[in-house]
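> Predicted model follows, preceded by the sequence.
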Amino acid sequence: MNISVMTVSFPLDGETLKEVALLCEEATVHDYRVYETALGVPMAGSFETKGFMVLAYEDDKDVLVGVASAVDLMGLHTYEWSLVVTPTYRQKGIGTTLVEALQAGLQERGAEGQLAVVIDGSPFGHTFIENKGFIYSFSEATLETRAESVKLSKDVEITPYAGEQAELIAIYSEAFGDLPEESEELIAFNTSTNGRKLWLARKDGEVVGTVTTAQENEIQWVTALAVHPNCEGQGIGTAMLSFSKDYASKIGAKFVMLDVEIDNGKALSVYEKAGFMKAQQIDYYVRH
């Protein structure tokens, strides 16, 4: 068996994307785990996404048998990466080859940090990544619900961000503990990236919360949802989630999805009450 490896920066061409999608589909059917999202396949064809893939081909059959993908989601030189090998080619050293090529790619691109992503329950995934010198850091659950028309709260007004930077920085600081410069980078990213929209929630005229929506084909992602701590328990988070479902239905999305750390019981309770259900869990590892 002869395996050749190549590294390709985003955006990938249409033919390569189809090959990757087919490999992910085969692995998903076999493992009952969704690999496309973990690999960032929907973003890999965009000029606006910073990242690359390592592709492993079986030369004799000219078929793609393994993929590793690294994405700099925030443009801050910190990459999240994952990999998958087609079921019939596992435990043949292809995963190790992909990791070595991926680490070389990260070094070439001046990566300042990395998180290895493993789908909970994927075969060999956790043992494999630990054997490569990574240790568990934290887990996130991916929750989903259907996009649908929702009757919105009259008490909470949700409007597009229009330059209210000071109010937004205060919310990010209180809710996430972000430094002002970190908040400024997040605002810049969420207001300049195609498909992403930054929203503010107001109650009695005051900015009390924020949420960002990001469109990805038939999915609308909800990110950076935050309520000012002084205003918790007033239905603001629920109002923003209802708005997100309603907005998703208006733009033609079929599902609304979000990620939440599994030890954040308060947030999980809010999301579940809003109709979100756990789709899968992602475990994150850092280099030892």
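Noted; the coordinates are in hand.

> Mind jotting down where the strands sit in the stretch 101-250 of the chain?
113-119, 134-146, 157-160, 196-203, 206-216, 219-227 (DSSP state E, counting those that start in this stretch).

> how is this structure carved up into domains?
3-132, 144-279 (automatic domain parsing).

> first to last residue in stretch 152-170, what's the distance?
25 Å (C-alpha to C-alpha, to the nearest Å).

> mind checking which helix or strand Thr37 is in?
Using DSSP states H and E, the element containing Thr37 is helix 35-39.

> Just checking the distance from that helix to the centre of its chain.
Once both centres are worked out by C-alpha atoms, centre = their mean, to the nearest Å, helix 35-39 turns out to sit 9 Å from its chain's centre.

> same check, this time on stretch 60-75
16 Å.

> The chain should start at 36 in everything you say after this.
Fine by me, first position is 36 from now on; the one you just mentioned is stretch 95-110.

> In CSV, list the C-alpha atoms belonging to it.
Extracted in CSV, the C-alpha atoms of stretch 95-110 (Å, rounded to 0.1, in the frame of the first residue of the first chain):
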residue,chain,number,x,y,z
ASP,A,95,-2.6,2.3,-6.4
LYS,A,96,-6.4,3.0,-6.4
ASP,A,97,-6.1,6.9,-6.6
VAL,A,98,-8.6,7.2,-3.7
LEU,A,99,-8.8,9.6,-0.8
VAL,A,100,-8.4,7.6,2.4
GLY,A,101,-7.7,10.2,5.1
VAL,A,102,-8.1,13.9,5.8
ALA,A,103,-6.8,16.2,8.5
SER,A,104,-8.2,19.8,8.6
ALA,A,105,-7.0,22.8,10.6
VAL,A,106,-9.0,26.0,10.8
ASP,A,107,-8.1,29.4,12.3
LEU,A,108,-11.7,30.2,13.2
MET,A,109,-11.0,33.7,14.7
GLY,A,110,-8.0,34.7,12.5
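
> does the residue nearest to Thr177 when sequence neighbours are not counted count as helix, strand or coil?
Leaving aside its chain neighbours, Thr177 sits nearest to Ala314 (4.8 Å; criterion: C-beta to C-beta, 6 or more residues apart in numbering). (Each C-beta comes from the backbone N, C-alpha and C, glycine too.) Following DSSP: H, G, I helix; E, B strand; the rest coil, the label given to Ala314 is strand.
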